[in-house]
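Engineer: Build me a structure from this.
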Amino acid sequence: MNISINNDNKKIYNIAIIGMPGSGKTTIGKEVAKISNKKFVDVDELIEEENKISIPQIFEKYGEAYFRKLESNMIERISKSTNTVISTGGGCVLDINNYNHLKQSSIIFYIKRDLEKLDISNRPLSKGGITTLQNLFKKRKNLYESFSNYEVYNIDIIECANNIYNLFLKSDIVL
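Structural biologist: Predicted structure coming up:
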């Protein structure tokens, strides 16, 4: 059964945030959670907590494919929650199953940011600098756009968070 989001049932739905590594997903997600009175979860942080190892260490020790499996399993689990802001990892769009899980309970927002302004410190797939980021972006741009219900540009954290929440409130997307 499809449920149309309206003011009465909107609060139970999730806000999922996708975008390039370092685009501000976690920081913006925390702000959206604060203004929307929703719980906040970060997929990467949950993976690190559960596995007691950092994302860069997972990549180094087990490889990207292993990490992507952990990521997909985590997204499947947290997409079953309600009234939550979900900050995903930058590569979650590489697996269509992640989209299928998120779209069942979430309005999905793509955070856009100039590549030169991305915070790439401690990002396993961003070690090669701007050239690596450009290549990563070329591979993922269409995926981000096709996954998302809305695209929001990150120039200012507070403004971006407010834009997301206002779009969420105005949304008439059927889940």
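Engineer: So which bits of the lowest-mean-pLDDT helix or strand in the chain are buried?
Structural biologist: Lowest by mean pLDDT, DSSP states H and E among the helices and strands of the chain is helix 130-147, with a mean of 90. By neighbour count on 16 or more other C-beta atoms under 10 Å, the buried set for helix 130-147 is 133, 136, 140, 143-144, 147. Any C-beta I mention is one placed from the backbone N, CA and C, and that applies to glycine too.
Engineer: Stretch 28-42 now?
Structural biologist: 28-29, 31-33, 36, 38, 40-42.
Engineer: Stretch 61-78 now?
Structural biologist: 67-68, 70-72, 74-75, 78.
Engineer: what distance separates that stretch from the centre of its chain?
Structural biologist: 14 Å (C-alpha atoms, centre = their mean, to the nearest Å).
Engineer: Check what contacts it and list those residues.
Structural biologist: 41, 43-44, 46-47, 50-51, 53, 55, 58-59, 84, 86, 88-89, 91-92, 94-95, 97-98, 101-102, 124-125 (C-beta atoms under 8 Å, 6 or more residues apart in numbering).
Engineer: at 10 Å what do you get?
Structural biologist: 14, 16, 39, 41-48, 50-51, 53, 55-56, 58-59, 84, 86, 88-89, 91-92, 94-95, 97-102, 105-106, 124-125 (C-beta atoms under 10 Å, 6 or more residues apart in numbering).
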